[in-house]
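S.K.: turn this into a structure:
(chains A and B)
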Protein chains: 2
Amino acid sequence: MRKYDKRDFPVDNVRRYLEPGPIVLVSSAWRGKTNIMTIGWHMVMGFEPSLSGCYIWDQNHSFDMVRKSRECVINVPTVDLAAKVVGIGKSSGRDIDKFTEFGLTPVPGTRVGAPLIEECYASFECKLDDAKLIPTYSLFVFEVVKAHVAASPKYPRTLHYRGDGVFMLSGANTTKFRKLFKPQNL
Amino acid sequence: MRKYDKRDFPVDNVRRYLEPGPIVLVSSAWRGKTNIMTIGWHMVMGFEPSLSGCYIWDQNHSFDMVRKSRECVINVPTVDLAAKVVGIGKSSGRDIDKFTEFGLTPVPGTRVGAPLIEECYASFECKLDDAKLIPTYSLFVFEVVKAHVAASPKYPRTLHYRGDGVFMLSGANTTKFRKLFKPQNL
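M.R.: Numbering: from 1, shown residues only, chains lettered A, B, ... in the order given. Down below sits the predicted model:
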């Protein structure tokens, strides 16, 4: 299993990896335990501060861990991790230690207590910026406070979920339309 | 330019097309005028009701049109519309009629006043469900009240934006991992 050598990346640019809509793995830590969950419902909500909105169902074990610790790491897995992404999604941290069970490597964060996942292409350390939308929408608004992205490949091959067990895999990346943009709209 | 023959589709299943994270075209109508905008910041927020969160910047002409009419249509364009998607994103409805300018065909909605875009693969008629998050986050929470999806192809080839003028194009779709899911997690 590949371990990505990640470098510091500007937090205001994490849209490069989140805006295309990949499935992500959210890792958390609370009172000496760690956990990982799979989510597909998330969106970019701002550049400065760098905001990400994530829907975390209140029945998930991660819900309270993230809510109480007010931190998490959003990790972007690549296609080679697909079976683990599904396994993480269908199991509960109440029953198992997911890092051990799925053979993933926790790496200490620099700004948060939640661990990064070494086998993921990108890892974004997040602090809970706003808890007010959790009761109504299970929506956690995070600020990305530190970003780590692999130097290679240039673009990761990511998993995008359609429901019903169908994944869309990311395809080609193109700058063919770049000349059509206004510079301020890039 | 292809016009998609769309059929009724269950509103609680629009994740099939929105959760993978494509760029979408949001069409609106207000006081006899229509408009279209390009957005990449959106997420699924619920099944029943079928909720979608969309970030609409308050400097966009569409912002007031959607806020005042409390309606819109979220349209999913395919790769063949890439140049129009960019053109729509860099122009303003203050200056031009985008349906005319970009040669797109407005089709009346059945539940909302905003028009569907005939050349898009899928069109989701939406009513504003919650306006409370607009002042703080420019976040419009919509309920999808009627969905129209093309019968073919099975999966659309969509555009996913990375910023900096780079589009990721959707790749293969696979059910290879379907057997790993628990039925209740599909």
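S.K.: wait, does stretch A:27-47 contact chain B?
M.R.: Yes - judged by CB under 8 Å from any CB of the partner chain, stretch A:27-47 and chain B are in contact via A:40-46. For every residue, glycine as well, the C-beta is placed using N, CA and C.
S.K.: which ones among those map onto strands?
M.R.: Among the residues of stretch A:27-47 next to chain B, the members falling in strands (DSSP state E) are A:42-46.
S.K.: could you check how far the residue sitting nearest the centre point of chain A is from chain B?
M.R.: Geometric centre of chain A, nearest residue: A:I74, 2.6 Å, by CA atoms, centre = their mean. Remark: distance between A:I74 and chain B (CB to the nearest CB, to the nearest Å) = 13 Å.
S.K.: in JSON lines, list the ones in strands among the residues of stretch A:27-47 next to chain B along with neighbour count and pLDDT.
M.R.: Shown next, in JSON lines, are those (neighbours: other CB atoms under 10 Å in any protein chain shown; pLDDT from 0 to 100):
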{"residue": "A:H42", "neighbour count": "25", "pLDDT": "98"}
{"residue": "A:M43", "neighbour count": "25", "pLDDT": "98"}
{"residue": "A:V44", "neighbour count": "22", "pLDDT": "98"}
{"residue": "A:M45", "neighbour count": "25", "pLDDT": "98"}
{"residue": "A:G46", "neighbour count": "19", "pLDDT": "97"}
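S.K.: nearest to chain B, of the residues you listed?
M.R.: The nearest member of these to chain B, counting by CB to the nearest CB, is A:M43 at 3.8 Å.
S.K.: OK, contacts around that closest one?
M.R.: By CB atoms under 8 Å, 6 or more residues apart in numbering or on different chains, the contact list for A:M43 reads A:18, A:52-53, B:41-43, B:53, B:55.
S.K.: just flag the most distant two among those.
M.R.: A:L18 and B:G53 (14.3 Å; CB to CB).
S.K.: circling back to that earlier point, which of the contacts of A:M43 are buried?
M.R.: A:18, A:52-53, B:41-43, B:53, B:55 (16 or more other CB atoms under 10 Å in any protein chain shown).
S.K.: between those, which is nearest B:R2?
M.R.: B:H42 (23.5 Å).
S.K.: quick one: contacts for A:R162?
M.R.: A:168, B:15-17, B:19-20, B:155, B:173.
S.K.: ok, now A:P135?
M.R.: A:P135 neighbours (CB under 8 Å, 6+ apart): none.
S.K.: that one in helix, strand or coil?
M.R.: helix (DSSP: H, G, I helix; E, B strand; the rest coil).
S.K.: find the closest residue to chain B in chain A.
M.R.: Closest point on chain A to chain B, by CB to the nearest CB, is A:G21, at 1.2 Å.
S.K.: count the residues that sit near that residue.
M.R.: Each residue near A:G21 was counted by other CB atoms under 10 Å in any protein chain shown, and the total is 31.
S.K.: same question for A:L159.
M.R.: Neighbour tally, A:L159, other CB under 10 Å: 26.
S.K.: correct me, but it touches A:V76?
M.R.: No - counting by CB atoms under 8 Å, A:L159 sits too far from A:V76 to count as a contact (9.4 Å).
S.K.: anything in contact with each of those two?
M.R.: Shared contacts of A:L159 and A:V76, defined by CB under 8 Å, 6+ apart, comprise A:P22.
S.K.: longest strand of chain A?
M.R.: Assigned via DSSP E, chain A shows its longest strand as strand A:139-150.
S.K.: hmm, it in reach of chain B?
M.R.: Yes - residues of strand A:139-150 contacting chain B under CB under 8 Å from any CB: A:139, A:141.
S.K.: buried residues in that strand?
M.R.: Applying 16+ other CB under 10 Å to strand A:139-150 flags A:139-150 as buried.
S.K.: just the strands in chain A please.
M.R.: A:6-9, A:24-30, A:33-39, A:42-46, A:51-55, A:71-76, A:106-107, A:116-117, A:122-130, A:139-150, A:159-161, A:167-174.
S.K.: could you pull up the mean pLDDT of the last one?
M.R.: Read that as strand A:167-174. Throughout strand A:167-174, pLDDT has a mean value of 98.
S.K.: what's that strand in contact with?
M.R.: Under CB under 8 Å, 6+ apart, the answer for strand A:167-174 is A:20, A:22-23, A:79, A:82, A:154-162, B:20, B:155, B:157, B:160, B:162, B:166-174, B:176-177.
S.K.: restricting to C-alpha, output that strand in CSV.
M.R.: Extracted in CSV, the C-alpha atoms of strand A:167-174 (Å, rounded to 0.1, in the frame of the first residue of the first chain):
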residue,chain,number,x,y,z
PHE,A,167,-18.2,4.7,-7.6
MET,A,168,-17.3,7.2,-10.3
LEU,A,169,-13.5,7.3,-10.7
SER,A,170,-11.9,10.6,-11.6
GLY,A,171,-10.7,10.8,-15.2
ALA,A,172,-8.5,13.1,-17.1
ASN,A,173,-7.5,16.6,-16.0
THR,A,174,-7.4,19.4,-18.6
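S.K.: strands paired with that strand, and their directions?
M.R.: strand A:159-161 (antiparallel), strand B:167-174 (antiparallel) (DSSP bridges).
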